[in-house]
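Undergrad: Build me a structure from this.
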Amino acid sequence: MLKNNKQKLVQVAIVLVLVLFSFYYTNKTIDIIRSTDPLMKQIKEQSKKYQIPAENAKMEGNKITPGKNGKEVDYEQSYEKMKRYGTYNESLTVFKETTPAISIEDTYDKYVIGGNDSKKEVALVFPIDNTKDPTEIIKIINENGVVATFFIDGLWLENNLSQLKNMTNHEIEILSYNNRYEEIYFQSAIQYLKNVTGKVTNYCYADYDNKEVIELCSKLQLHTITPTIKITNTPFQDIKQKLQNGAIISFPINTTTQIELKTVIDYIKSKGYTLTTLENLLSETLEK
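TA: This next block holds a predicted model:
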């Protein structure tokens, strides 16, 4: 009885191996047929004019700016669509993005100092510590129909939940907790923000190289940004002198910012820039 069972198991195993080999060789045969098909050859030949190589993130010392994904033709999907159509048709070409070998997505131990300078975009950033009132700033931004990124202190968040209803169209990140960076409180603030907004935290903020901030945020796999342009007491003058592609522009929450912010926004728009969030500014995906 035992011998019969063993023989049956061996027979089943042999059948399974033969089936697997059959699938393997069938697929190899299909691949060979496709590769020699004149349609596939034409797709590959024409694909050269569409190819855009991926661009690596730029690193200099402890600073980084994002690269950009590339583009190439998806041979298999293009072939399937055109085969059903019956002939080569350029409009049926299917594309896929390729990722850079060095990506900002995988790098947390360097300061992000701006977006890709090929993008005519900038991000407005407002750090809000536990002593600031951003009510007027939020109002001005909303009235001007632009988006911004707010880095808010965890304790400020707990005490000002009613403010969040005016910030729903914007990006919200955690700045600190009661102006400190103890891991347990920082993580608690991140979780609290997620519970309240349903959004995941992606970034940390540092005005300058700050070992305490970048070590904590790198550990939590958050990107630490430092501003390309740090606004002083003369917002409009600073922007006129320093505006550039991919700039992260950090504003203090004060009366001067309130007075000049609308003028700054109008000036940035007049120069053809798009105001966007950090997530969009630092994305390496291709623009559609």
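Undergrad: residues in contact with residue 205?
TA: With contacts defined as CB atoms under 8 Å, 6 or more residues apart in numbering, residue 205 is in contact with 125, 127, 151, 173, 175, 213, 224-226, 250. No exception for glycine: its C-beta is placed from N, CA and C like everyone else's.
Undergrad: make it 10 Å
TA: Going by CB atoms under 10 Å, 6 or more residues apart in numbering, residue 205 touches 125-127, 149-151, 173-176, 213, 217, 224-227, 248, 250, 278.
Undergrad: By residue count, tell me the biggest strand in the protein.
TA: Of all the segments assigned as strand in the chain under DSSP state E, the longest by residue count is strand 121-128.
Undergrad: The stretch 51-200 of the chain: helices as residue ranges?
TA: 75-85, 135-143, 154-159, 183-197 (DSSP state H, counting those that start in this stretch).
Undergrad: Reformat the ones you listed as CSV; add mean pLDDT and mean neighbour count.
TA: Converted to CSV, the helices of the stretch 51-200 of the chain look like this (pLDDT from 0 to 100; neighbours: other CB atoms under 10 Å):
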stretch, mean pLDDT, mean neighbour count
helix 75-85, 88, 16
helix 135-143, 95, 17
helix 154-159, 94, 18
helix 183-197, 94, 15
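Undergrad: Go through those and name the closest to residue 63.
TA: Using CB to CB as the measure, helix 183-197 is the one of the helices of the stretch 51-200 of the chain that comes nearest residue 63, at 23.0 Å.
Undergrad: quick one on the thing from earlier: which one of the helices of the stretch 51-200 of the chain lies closest to residue 244?
TA: Each of the helices of the stretch 51-200 of the chain was scored for nearness to residue 244 using CB to CB, and the closest is helix 135-143 (21.1 Å).
Undergrad: thinking again about what came up before, work out the sheet partners of the longest strand of the chain and label each with its direction, please.
TA: According to DSSP bridges, strand 121-128 has the following sheet partners: strand 149-152 (parallel), strand 248-250 (parallel), strand 274-276 (parallel).
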